[in-house]
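> Give me a 3D structure for the following:
(4 chains)
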Number of protein chains: 4
Amino acid sequence: MSEKSKELEAPVFNIRTDLAIETREMIRKEQDVEIPGVKVNIEEDREKQIKVSWVEVLDAEGEKQMGKPVGNYVTIESPMMKENDIDAHEEIIKILAKQLVKILNLDDDAFILVVGLGNWNITPDALGPKVVSKIFVTRHLLDHIPEQVDESVRPVSAIAPGVMGLTGIETSEIIEGVVKKIKPDLVIAIDALASRKTSRVNTTIQIADTGVHPGSGVGNSRRGLNEETLGVPVIALGVPTVVDAATLVNDTMDHLIDAMLKEANPDKEFYKMLKNLNEQEKYQLIREVLNPYVGNLFVTPKEIDSVIDRLANIIANAINIALHPGIDLKDINRFTY
Amino acid sequence: MSEKSKELEAPVFNIRTDLAIETREMIRKEQDVEIPGVKVNIEEDREKQIKVSWVEVLDAEGEKQMGKPVGNYVTIESPMMKENDIDAHEEIIKILAKQLVKILNLDDDAFILVVGLGNWNITPDALGPKVVSKIFVTRHLLDHIPEQVDESVRPVSAIAPGVMGLTGIETSEIIEGVVKKIKPDLVIAIDALASRKTSRVNTTIQIADTGVHPGSGVGNSRRGLNEETLGVPVIALGVPTVVDAATLVNDTMDHLIDAMLKEANPDKEFYKMLKNLNEQEKYQLIREVLNPYVGNLFVTPKEIDSVIDRLANIIANAINIALHPGIDLKDINRFTY
Amino acid sequence: MSEKSKELEAPVFNIRTDLAIETREMIRKEQDVEIPGVKVNIEEDREKQIKVSWVEVLDAEGEKQMGKPVGNYVTIESPMMKENDIDAHEEIIKILAKQLVKILNLDDDAFILVVGLGNWNITPDALGPKVVSKIFVTRHLLDHIPEQVDESVRPVSAIAPGVMGLTGIETSEIIEGVVKKIKPDLVIAIDALASRKTSRVNTTIQIADTGVHPGSGVGNSRRGLNEETLGVPVIALGVPTVVDAATLVNDTMDHLIDAMLKEANPDKEFYKMLKNLNEQEKYQLIREVLNPYVGNLFVTPKEIDSVIDRLANIIANAINIALHPGIDLKDINRFTY
Amino acid sequence: MSEKSKELEAPVFNIRTDLAIETREMIRKEQDVEIPGVKVNIEEDREKQIKVSWVEVLDAEGEKQMGKPVGNYVTIESPMMKENDIDAHEEIIKILAKQLVKILNLDDDAFILVVGLGNWNITPDALGPKVVSKIFVTRHLLDHIPEQVDESVRPVSAIAPGVMGLTGIETSEIIEGVVKKIKPDLVIAIDALASRKTSRVNTTIQIADTGVHPGSGVGNSRRGLNEETLGVPVIALGVPTVVDAATLVNDTMDHLIDAMLKEANPDKEFYKMLKNLNEQEKYQLIREVLNPYVGNLFVTPKEIDSVIDRLANIIANAINIALHPGIDLKDINRFTY
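Okay, the predicted model is just below:
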């Protein structure tokens, strides 16, 4: 997560977030109409506590506004993802699988490579490798014992290449080499994402059909993993699994200011000053203050190991269902067992 | 770490910290003379970046002031503990072993039980169990094959009982049962501690000859592990491995205020207001604001798995050296390998 | 598994097996009537490939013949236990839970302590600790938040004390200390067992209401864990997870001899000689020959890590169902997830 | 290890072993002169219990006799490898590093890719991935922060691609893709090997400058990893970490026959019959007899997890020393810590 952002720069600010829904919220906070070049559709099931948002960046104008390439960004949000609740997870798996089917739009015989980015030795970074370990891989079965495989099964391979610090090789180099060799029709890349909202940690899954761009994700993908670099379409699927310390402080300050305003005698001057700082300036100020004292700290729930296991289980089950028409909810955990 | 503090309450504030050195600093910040009933001796090797502080709570007055029972509280501080630097670790091991020998003051044939508190499934909580797994246990060898054991070796046992959420049993009950059965002369209890300073995370080891008291440590020891409950002396050895989110925000606010004051046009009114809040009020305010939004979050370095391994290695090596006169620095890693 | 057997010695031989069903088979091989003082009931579902045998040692005569104390020894056998087949596992869980309910015969408010014997660092020895990690522990919930717990839930605690090599303490000492402190009504001890048949490895679960006796199991329980040592009834539940190399060679030699006999020109003399060796002599001969060359070797399936996980899952689910009337098959994996 | 051997077939037998030294012994057992086309040099330090053998296959005749391609096969044998003895390990590391330097014969600026074959989820198969995790990788440092790296450091990358069952991709495809992309000058491939002698398990390291050939190693390398397939030289470094059950029985039978011969009244006829079976026939007979009863069983020391850790540590330290002139014995464990 130390990568400097080299994304297209949004005009209003260049706050680092990988979530399109979050970028949109931050822009909307300052201007109260829909962003030009952006189409949004939100569906929420309040009872089941699941919200699905499609953000479509339509054109160059949307790209400029959002700082994200033209494409679809689907967000599934639910506070239940991180909880130990199998029933809620089944609902999320069902909805996630449905969105995946829609965005993947696969041919019957499409060959898919699932790539788990991140470092398996660092818990919040291990989401990608953990998902990969639960993917139902089939390409070798279809190659060597096709008669034993159900015909509805698509060829699927999966790899967790490890990060540059472990291999000495840029992740994108390994993936490029493998893709050139085995020639999949589509790559699904799983990654941990950066978010700017503490409340989104481990509660939000984003699927983007634009792939992984340099500076996004937590992997070392300085070149990115997308159609441009790999020559095949890349679906990026990610979850913000941590936020940095500055984000936490920033969030808290906002709530603190709101709380103070409600008090009898708020410190109006200070509030005005802080209010007049724009988001980016405030965040930078906090980062600068924090840095010498706390260094490279992240904010995480204490039971992060279990939370990552739950998320990996949800995502792997949804991918298995979305890729193989013969697999459905009754097979949940059958391949991730 | 969800335990409500039931420590002796210090008069000035009851901010939750397990570190005597930190309590003292907080009191001293408000009153600039040494605390009555407290004796302090600090030695620092600036080149090696290691600082050793002995805080002795002498009497009832010191107890009242510090909110800690009469006894010795030794702190070894070094930013190198959490770094991947074997040479620095050897220095720390040497100094830690020396302090342990002094505070343990063991008879030649003393039988020691090392207890690793905490939950092995939660990385920052796993310090105790990890240390236990690296302790050179000898009691069974001395019982069953004494002729094969060097005579300088003391009888040592070690147990990591697991936390109440895993066993359904209070940790203190397990330890009391085992102590009553095997009758050690001394218990060394390893625990992760609570700190109120972000900069102390994974850089400070405290040894206290007063044992573990209810509400201190992260274990579920509602009854505490001390001479009163176990019937034998208990040395508590702990490290703050995380801080809660409120501590981080609090620290940052302090630095932010300092930074603002140095600016051309500081917001004097706000500063004065915050300055007039005492520490405890400020921390409580932040906790209240944070709680509904971020819940049970902790602040941790991203490479926490490696950091805990390093700390466990340092502590286990130091204990092995301190307990067995025949083991010294050249045997480092020989029993933790 | 290095423990010398100190069991009651059976008259015919003292071959080391913890399985009553196996002892019986070996005796029956030599004498073709039912063993005096022993009652046997076998039910087999050939389609589902599950066989349940109740061996009851009735009296002193049975004890003398079998080398096992008076009591019930229930064996559930199925080759599907070690396979990756969730449907088959559900059947086994159902049947295992049923046998457990029958043999446990619990009062409504009985307090149960589940003990996982064995070493979590050695895969085939880790069955006990793995089961414990999946037990639904409730005692602390009933103590501290009874209003949030369903009233059908019994108080359950669970502990995996680790082996003597890790703790320096005999397992039985830890358990005795804890039992005396927390006073359960019943102990269920999970252990890996010794078997003398290669085909029984990871396909047989034995439940015995006589507890763990010195020399049985793989734990270091030199004193045993039974009503005599602990003061409360002990149900032992075990699986042979490995066989020693000599058992494998012995089994193979038997099959080899049978194969040779079917050949045109068998080596009658050699066969007669081997046939005339009794079982125990043959096994001893093989052990002596093997020992200097191969040392302490065990025979295991290559995928032992997965097999132990499957067995732990089956056993933990069955115990959770058997202990809590409100839990049934639909909750499978809910507490072991 | 289920791969059918497709090696060059040796005339005398085609018993499956990856160890040249073992092939030679088996041939020599039947013919008492040195094998034509093969040159052998053996050095043994009896006190330190280390034996180094260079077997050189010189020409087509040697190739035909040995069933191994022309090249060098260096074996380091020591029973201490599998023991918990750091001093002995240091000796082995020193000698292994020396052989590696000799056989690698590297240019000062050679770029090396270390490949860890095998499955990290199966302990005896995890040697390759474990070694990779302890390799000092430097290529990314030399690329991005050359000024911080000592000039004696060579560029090194390392990858553990996982087996086909996990990825759905043949290992050789992943490695070919990566090699084509990053263009190393040399590949070192770490693998678990097949042996036909129980006593060689975890006591023998073989280095071969001929690479990995189809059917050798335990990886899924149906195409092999060698200069022919990768376009760069490949050094194969392997250890037999298990033997199959048939090998154990075979070994035992040999010892049993020898033992019987020494007895007063040996069964001469049977002995003659077995003696007249050639090695391959005997092994096949045992396999056939074993198969229906015991299936896919392997023989392993019970403490296999620790043994694999020790071997990985020895090999990784030796490779780190051999690759980087600035690293020597005093840095042992510095990069594998």
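> could you pull out the helices for chain A?
For chain A, the helices defined by DSSP state H cover A:20-30, A:60-66, A:86-104, A:127-133, A:139-144, A:164-167, A:171-182, A:227-230, A:245-262, A:268-276, A:279-294, A:304-323.
> any chance of these in a markdown table, plus distance to residue D:323, mean neighbour count and mean pLDDT?
The way it works is simple: take the backbone N, C-alpha and C, and place the C-beta from them, glycine included. Putting these into a markdown table (distance: least, Cβ to Cβ, whole Å; neighbours: other Cβ atoms under 10 Å in any protein chain shown; pLDDT from 0 to 100) gives the following:
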| stretch | distance to residue D:323 | mean neighbour count | mean pLDDT |
| --- | --- | --- | --- |
| helix A:20-30 | 45 | 18 | 83 |
| helix A:60-66 | 46 | 17 | 93 |
| helix A:86-104 | 43 | 19 | 94 |
| helix A:127-133 | 26 | 26 | 95 |
| helix A:139-144 | 33 | 18 | 88 |
| helix A:164-167 | 15 | 21 | 87 |
| helix A:171-182 | 20 | 23 | 95 |
| helix A:227-230 | 30 | 18 | 94 |
| helix A:245-262 | 38 | 20 | 72 |
| helix A:268-276 | 55 | 14 | 58 |
| helix A:279-294 | 36 | 17 | 65 |
| helix A:304-323 | 34 | 24 | 94 |
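> Could you check those and tell me which one is nearest chain C?
Smallest distance to chain C across the helices of chain A (Cβ to the nearest Cβ): 6.2 Å, for helix A:86-104.
> picking that back up, distance to chain C added to the helices of chain A, as JSON lines?
Shown next, in JSON lines, are the helices of chain A (distance: least, Cβ to the nearest Cβ, whole Å):
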{"stretch": "helix A:20-30", "distance to chain C": "29"}
{"stretch": "helix A:60-66", "distance to chain C": "38"}
{"stretch": "helix A:86-104", "distance to chain C": "6"}
{"stretch": "helix A:127-133", "distance to chain C": "12"}
{"stretch": "helix A:139-144", "distance to chain C": "14"}
{"stretch": "helix A:164-167", "distance to chain C": "22"}
{"stretch": "helix A:171-182", "distance to chain C": "26"}
{"stretch": "helix A:227-230", "distance to chain C": "33"}
{"stretch": "helix A:245-262", "distance to chain C": "30"}
{"stretch": "helix A:268-276", "distance to chain C": "41"}
{"stretch": "helix A:279-294", "distance to chain C": "34"}
{"stretch": "helix A:304-323", "distance to chain C": "8"}
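> mind checking which of those is nearest residue C:61?
Nearest of those to residue C:61, taken as Cβ to Cβ: helix A:86-104 at 51.6 Å.
> what does the stretch 1-150 of chain A put close to chain B?
With Cβ under 8 Å from any Cβ of the partner chain as the criterion, the stretch 1-150 of chain A meets chain B at residues A:1, A:121, A:122, A:123, A:124, A:125.
> Among the residues you listed, which one sits closest to chain C?
residue A:123 (18.0 Å).
> Would you check that the closest one makes contact with residue A:308?
Yes. Between residue A:123 and residue A:308 a contact is recorded at 5.8 Å, counting by Cβ atoms under 8 Å.
> Of the residues of the stretch 1-150 of chain A next to chain B - the most surrounded one?
Within those, most neighbours by other Cβ atoms under 10 Å in any protein chain shown means residue A:124, with 26 neighbours.
> Settle this for me: that one is touching residue A:193, isn't it.
No. Counting by Cβ under 8 Å, residue A:124 sits too far from residue A:193 to count as a contact (10.9 Å).
> what do these two both touch?
The contact sets of residue A:124 and residue A:193 overlap at residue A:241 (Cβ atoms under 8 Å, 6 or more residues apart in numbering or on different chains).
> How many neighbouring residues does the residue in the stretch 1-150 of chain A that chain D sits nearest to have?
Nearest residue of the stretch 1-150 of chain A to chain D (Cβ to the nearest Cβ) works out as residue A:137 at 3.4 Å. Using other Cβ under 10 Å, residue A:137 has 22 other residues around it.
> Leaving out sequence neighbours, find the closest residue to it.
Among residues not flanking residue A:137 along the chain, residue D:168 sits closest, at 3.4 Å (Cβ to Cβ, 6 or more residues apart in numbering or on different chains).
> list the contacts for the one you found?
By Cβ under 8 Å, 6+ apart, the contact list for residue D:168 reads A:137, A:138, A:139, A:140, A:141, A:155, A:156, A:157, A:158.
> give me phi/psi at the second one?
Same thing as residue A:138. With angles defined as degrees, to the nearest 10, residue A:138 sits at phi -140, psi -10.
> Surely it touches residue A:154?
Yes. Between residue A:138 and residue A:154 there is a contact under Cβ under 8 Å: 7.0 Å.
> Can you work out which residues contact both of these two?
Common neighbours of residue A:138 and residue A:154 are listed as residue A:324 (criterion: Cβ under 8 Å, 6+ apart).
> Is the residue nearest to the spatial centre of chain A bridged to anything, and to what?
Centroid check for chain A by Cα atoms, centre = their mean gives residue A:238 as the closest residue, at 2.2 Å. Judged by DSSP bridges, the bridge partners of residue A:238 are residue A:191, residue A:206.
> And it, how close does it get to chain B?
Between residue A:238 and chain B the computed distance is 17 Å (Cβ to the nearest Cβ, to the nearest Å).
> State the distance from that residue to chain D.
Going from residue A:238 to chain D by Cβ to the nearest Cβ gives 21 Å.
> Over to residue A:249?
Going from residue A:249 to chain D by Cβ to the nearest Cβ gives 30 Å.
> List the contacts of that residue.
Under the criterion of Cβ under 8 Å, 6+ apart, the neighbours of residue A:249 are A:286, A:290, B:248, B:249, B:252, B:253.
> what does residue A:232 give?
Residues counted as contacts of residue A:232 (Cβ under 8 Å, 6+ apart) are A:179, A:184, A:185, A:186, A:187.
> what's in contact with stretch A:51-61?
Stretch A:51-61 is contacted by residues A:20-21, A:24, A:36-45, A:62-63, A:66, A:68-78, A:95, A:99 when judged by Cβ under 8 Å, 6+ apart.
> swap in stretch A:318-333?
When contacts are defined by Cβ under 8 Å, 6+ apart, stretch A:318-333 is touched by residues A:90, A:92-94, A:96-97, A:100-101, A:104, A:106, A:112, A:114, A:131, A:134-136, A:138, A:150, A:152-154, A:156, A:188, A:237, A:313, A:317, A:334-336, C:86, C:333.
> at 7 Å what do you get?
By Cβ atoms under 7 Å, 6 or more residues apart in numbering or on different chains, the residues outside stretch A:318-333 that reach it are A:90, A:93-94, A:96-97, A:100-101, A:104, A:112, A:114, A:135-136, A:150, A:152-154, A:156, A:188, A:317, A:335, C:333.
> Could you report the separation of the nearest residue to residue A:194 once chain neighbours are set aside from chain C?
Leaving aside its sequence neighbours, residue A:194 sits nearest to residue A:18 (Cβ to Cβ, 6+ apart; 5.1 Å). Between residue A:18 and chain C the distance is 29 Å, computed by Cβ to the nearest Cβ.
> Does residue A:18 touch residue A:192 like I think?
No. Contact criterion Cβ atoms under 7 Å: residue A:18 and residue A:192 do not qualify, at 9.3 Å.
> okay, and the common contacts of those two?
Common neighbours of residue A:18 and residue A:192 (criterion: Cβ under 7 Å, 6+ apart): residue A:238.
> In this structure residue A:128 contacts residue A:190, no?
Yes. Here residue A:128 reaches residue A:190: they are 4.1 Å apart, a contact under Cβ under 7 Å.
> Quick check: neighbours shared by the two?
Taking Cβ under 7 Å, 6+ apart as the contact rule, residue A:128 and residue A:190 both touch A:116, A:117.
> Contact partners for residue A:24?
A:35, A:38, A:40, A:55, A:66.
> Ok, residue A:49 next?
Residue A:49 makes contacts with A:78, A:79, A:80, as judged by Cβ under 7 Å, 6+ apart.
> List only buried entries from those.
For those, a burial check counting by 16 or more other Cβ atoms under 10 Å in any protein chain shown picks out A:78, A:80.
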